[in-house]
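S.K.: Generate a structure from the sequence data that follows.
(2 chains)
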Amino acid sequence: MAKVINIQPITRIEGHASIHIQLNDQGNVQETKVAFKSLRGFEKFVEGKPAEELPRIVSRICGICPWMHHIASNKAVDACFNVTPPPAGNLLRELMLTIAHIEDKLLHFFFLAGADFFWGPEYDFSVRNIMGLVKANPELAEKVIRMRHKAKMVLDSFSKKTIHPVAGVPGGFVKPLSIEDRKIFIDNVNELLEFALFALEYAKKNVFPKFDESYPGLGEITTGFIGMVDNKGSLNLYDGNIRLMKPDGTSKEFRPDEYLDHLAEKVVPFSYGKFPYAKSWGEGFSMDLDAPKGIYRSNTLARINVADQIATPRAQAELEEFRDLYGRPAQSTLLYHYARLIEEVYTCERAIEILKDPRIINPEVRAKVEPCAGRGVGCVEAPRGTLIHDYTTDEKGLITRVNLIVGTTHNLAPINLSVDRAARDLIKNGVYDDAILNKIEMAVRAYDP
Amino acid sequence: MPIKLAGESLNACSGCEISILDMGERLLKLLEFVSIIHFPLLMDSKQGKNNSRIVKLPKADVGLISGSIKTDEHLELALAMRDSCDFIVALGTCATHGGIPALANSFHNEDLLEYCFNTEGTDKTDGFPSHIVPELLDACYALDEHINVDIFLPGCPPHPDHIFRALQSIDKNESFSQSKKSVCDNCPATRDGKGQVKTLKRALELPRWHAGDDKKEGFKCFLEQGFLCMGPVTRGGCGGDKEHARCIMTQIPCRGCYGPVKKESNQRLSMLNALASNGIDISSLPETLSMLRFSGGHGLLRPLPRIKES
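M.R.: Below you'll find the predicted structure:
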């Protein structure tokens, strides 16, 4: 009966990965591996390039979150060249990053992961997707498509290139925001906020109750968490300290440029993606399901777990309701979706806050930049987690060394654990079907696309 | 009958697929004449792949392939797509010319692996990943280096207007044509053609920009302002059917993401020629290999030969 079940490719995620489940003679799960199959070599092939070109190159790491790479890269180059953008430059970067988050969360929830809950994991795969939603619920689908596009078009109208952007530049931002554009953007983001609140209510009624009813404990594991917070301990996606929380809820905070004191990466034989772990906990690294070591998670649930509060009122009210239900830190894997829609509310509120900041229309958006030798760490929160770009330049400002930890990477070990958990719970005595295999994939979709 | 569409993404970032979604409400129109039957990013079709390394994909009228070919698995998928689709569309510059990931072609695989798995912060390892993961090929290839391609849609990413039009033309059985002009041909910049620039500046400062309040006056060509702009040697159209080039209109010089004007040309050679014939000192740039950052496939970027130790 011993055999290997391969789920390949994992679908409705960004990136290339597959699941391999080894069954023993009794047909129960012996071992599970999630392989991440992409190795493009960005860290190596940017060697020798002028640092100021990197924000336009490394955005290609991810076409779903290019803004986050673009901005983390700009921040790293700023730090190498020892330059601080003027307030408007920083605010415009944060605005673009925040609106890109708004768009991404709609994409993740409605276009990619949501179908499992709208139809159920056993439903016909040719319908169980966004195209199916267009047919089944044209009103909702049309609204979702329009709202996602609206967020995209705010980015587009101001910065022209929204996939692989170019508008962030070392020293700040390429151009100031006009009073007219500002007004239009506030109107648009207000509409997005309204939709975010609708989406959260919709999901509270139609989706989240299914977590416990239909998928009790799916992929549930107990881990630590990572995410950025500001100096008051509030959720922040653009700037701040990194907070690393242990499974027991205690946490340590450090500056992004101190990341190497706290995090390390493990090479595993079955994945081109390396597996980061919390080195500073001093317990090493283990993916033993019963006694994991050094394992922490990133992405939405992680961020709302590590943050003491959210500094915008509606998202804060939602966070309080969430914490009343699930505590802090909440561990259930499917709650990533709930956290995602809370963050959707936050990003809309925060975008409006930024747009209303009087400094946003200041014409001074960029500081003068001189190339020099240096080292700089740029960090932002990407949809899937804490994104770290670490560059070193020579005296001409050419890249000599790069280290990247991208959002998804933090979750590679946890994804393996969650998939292992789901597989062990769902496959018994060699019995499984397509619905069960899709349920196992749902443990991945909670974290990733 | 709607046309059946299959999609696969190889050595890529998913940006091309997101560009499809960026059609916005035209997506709904698209779904009236296109039926998506296989598309791993958007749907769960896994035909023939479970428990097998031999890929068999469902028959489709048109196959969109994004990404270049860098592993044995990419190659297998590309061949399977060619087998199962009547039309193959190379979607995006990775598929048409190698794209940014083909920058890796300047290095040997061992050097990539050695570097990526030994970064500061990575625990010492005895060996590189070799179990389950696909094998790396010796280079990052554009699609047409391995399979026949019917329509080339360059762009990083291709503009949604072009993707929509390409699919529409297949549906209507019409030939699909796109601009053969360069970015410069439709650039709104003013040029005086006096060739006063003798050296080029790095992108550490921005070109001057006079558009906006006084649109009539326009702005001066970035190259004539002394900035490297790949516009002369890059295919135009990145702004879609109605807009000018996107980076230019953001006030940022072009880096060539739509690939060469003529599919077969070498963006770096063409640019170096153009600069030299205008008397511009090429050595004023810190490096020029980046001129092939989007089109390093087709053997244009290669690692330096290893020097044998005696």
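S.K.: And the pLDDT at B:Ala211?
M.R.: For B:Ala211, the pLDDT comes out at 54.
S.K.: I'd like to know the phi and psi angles of residue 264, please.
M.R.: You didn't pick a chain, so chain A it is. When read as degrees, to the nearest 10, the backbone of A:Ala264 gives phi -140, psi 170.
S.K.: Number of residues surrounding the residue of the stretch 1-150 of chain B found nearest chain A?
M.R.: In the stretch 1-150 of chain B, no residue comes nearer to chain A than B:Gly15, which is 2.3 Å away by Cβ to the nearest Cβ. C-betas here are computed from N, CA, C, even on glycine. When neighbours are counted by other Cβ atoms under 10 Å in any protein chain shown, B:Gly15 registers 27.
S.K.: Which residues are in contact with it?
M.R.: With contact taken as Cβ atoms under 8 Å, 6 or more residues apart in numbering or on different chains, B:Gly15 is in contact with A:Arg60, A:Cys62, A:Gly63, A:Ile64, A:Pro66, A:Ile163, A:His164, B:Gly92, B:Cys156, B:Pro157.
S.K.: Confirm that the third one sits in a strand.
M.R.: No: assignment of A:Gly63 by DSSP: H, G, I helix; E, B strand; the rest coil gives coil, placing it outside any strand.
S.K.: And the helices in the stretch 1-150 of chain A?
M.R.: Residue ranges of the helices in the stretch 1-150 of chain A, as given by DSSP state H, counting those that start in this stretch, are A:42-45, A:54-57, A:66-80, A:87-106, A:115-119, A:130-136, A:138-159.
S.K.: For chain B, which segments count as helices?
M.R.: With DSSP state H as the definition, chain B shows helices at residue ranges B:15-21, B:26-33, B:72-84, B:93-97, B:109-116, B:160-171, B:246-249, B:267-277.
S.K.: One more: the stretch 301-449 of chain A?
M.R.: In the stretch 301-449 of chain A, the segments counted as helices under DSSP H, counting those that start in this stretch are A:313-326, A:335-356, A:407-410, A:412-426, A:434-445.
S.K.: Can you name the residues of the stretch 301-449 of chain A that neighbour chain B?
M.R.: Contact residues of the stretch 301-449 of chain A with respect to chain B, defined by Cβ under 8 Å from any Cβ of the partner chain, are listed as A:366, A:368-371, A:390, A:396-398, A:401, A:403, A:405, A:437-438, A:441, A:449.
S.K.: most surrounded residue in those residues?
M.R.: Each of these was scored by neighbours using other Cβ under 10 Å; the highest score is A:Asp390's, at 26 neighbours.
S.K.: Tell me which strands the helix or strand A:Pro276 falls within pairs with, and in which orientation.
M.R.: Counting by DSSP states H and E, the secondary-structure element that holds A:Pro276 is strand A:275-278. Applying DSSP bridges, strand A:275-278 is found paired with strand A:263-266 (antiparallel).
S.K.: State the next helix or strand along the chain beyond the strand holding A:Pro276.
M.R.: Moving toward the C-terminus from strand A:275-278, the next helix or strand (DSSP H and E) is strand A:296-297.
S.K.: Which residues of the stretch 201-310 of chain B lie near chain A?
M.R.: Taking Cβ under 8 Å from any Cβ, the part of the stretch 201-310 of chain B that reaches chain A is made up of B:202-206, B:209, B:239, B:243, B:246-247, B:249-252, B:255, B:257, B:286-287, B:290, B:293.
S.K.: low-confidence ranges in chain B?
M.R.: Per-residue confidence of chain B (counting by pLDDT under 70) places the weak regions at B:47-54, B:211-217, B:308-310.
S.K.: 50 instead, please
M.R.: Segments of chain B classed as low confidence (criterion: pLDDT under 50) are B:48-51, B:216.
S.K.: now swap in the stretch 1-150 of chain A and tell me
M.R.: Counting by pLDDT under 50, the stretch 1-150 of chain A contains no low-confidence range.
S.K.: swap the cut-off to 90 and go again
M.R.: Confidence mapping of the stretch 1-150 of chain A against pLDDT under 90 gives the ranges A:1-2, A:8-9, A:13-16, A:114-115, A:120-122, A:124-126, A:130-131, A:133-135.
S.K.: give me the residue from it nearest chain B.
M.R.: Residue nearest to chain B within the stretch 1-150 of chain A: A:Gly63 (2.3 Å; Cβ to the nearest Cβ).
S.K.: list the contacts for that residue?
M.R.: Neighbouring residues of A:Gly63 by Cβ under 8 Å, 6+ apart: A:Glu14, A:Ile163, A:His164, B:Ala12, B:Cys13, B:Ser14, B:Gly15, B:Cys16, B:Glu17, B:Ile18, B:Ser19, B:Pro157.
S.K.: In a markdown table, list these along with distance to B:Phe227.
M.R.: Shown next, in a markdown table, are these (distance: Cβ to Cβ, whole Å):
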| residue | distance to B:Phe227 |
| --- | --- |
| A:Glu14 | 34 |
| A:Ile163 | 23 |
| A:His164 | 19 |
| B:Ala12 | 29 |
| B:Cys13 | 27 |
| B:Ser14 | 31 |
| B:Gly15 | 25 |
| B:Cys16 | 28 |
| B:Glu17 | 32 |
| B:Ile18 | 29 |
| B:Ser19 | 27 |
| B:Pro157 | 24 |
